[in-house]
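kindly generate the corresponding structure for this input.
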Amino acid sequence: MSKILIIDDDLDIQETMGSLLESEGFQVHAAETVEKGLEMIQAVSPDLVLLDMMMSYILDGVDVRRTMMEDPLLKAVPVIMMTSATVARGEGAAAMGEDAPTTMWLSKPLNPDGLLTSVNQAMA
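Modelled structure (predicted):
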């Protein structure tokens, strides 16, 4: 069973995505802060991370991805970055540069079918 970690400060989004992904057979873990997310990444060793770009400040997700890239065991874990701000997506991609690649970007609000398609593509 594939493990997915959702890092998002919006508990409603966590719950909605988690329920959808669990119904598809994924084992889902969630964290609502950057700090807890980084702890969970180490503890769970997820197969995929769904990462909100903007939490307590605009580039929280970028910081998490950069930290993952510094760890040889986490570097290869696919990341789907989520954001509700199209301008922020470009800023986040520019801030990460080539040193912290993101597998995909999804816009919020998330479309359930689009989320499942993206998750399956990222994990293929």
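
those strands in this protein, which residues are they?
Along the chain, counting by DSSP state E, strands occupy 3-7, 27-31, 48-52, 79-83, 104-107.

and these: which comes nearest E15?
strand 27-31 (8.2 Å; C-beta to C-beta). No exception for glycine: its C-beta is placed from N, CA and C like everyone else's.

then the closest one to PDB, C-alphas only?
Extracted in PDB, the C-alpha atoms of strand 27-31 (Å, rounded to 0.1, in the frame of the first residue of the first chain):
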ATOM      1  CA  GLN A  27      -2.400   5.000   3.300                       C
ATOM      2  CA  VAL A  28      -2.700   8.600   4.200                       C
ATOM      3  CA  HIS A  29      -0.900  10.700   6.800                       C
ATOM      4  CA  ALA A  30      -1.300  14.400   7.400                       C
ATOM      5  CA  ALA A  31       0.500  17.300   9.000                       C
END
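
quick check: mean pLDDT of that strand?
Mean per-residue pLDDT for strand 27-31: 97.

tell me what it is packed against?
Under the contact definition 3 or more C-beta pairs under 8 Å, 6 or more residues apart in numbering; DSSP states H and E, strand 27-31 sits against strand 3-7, helix 11-23, helix 34-44.

surely V77 touches L48?
Yes: the pair V77 / L48 is scored as a contact, 7.0 Å apart, by C-beta atoms under 8 Å.
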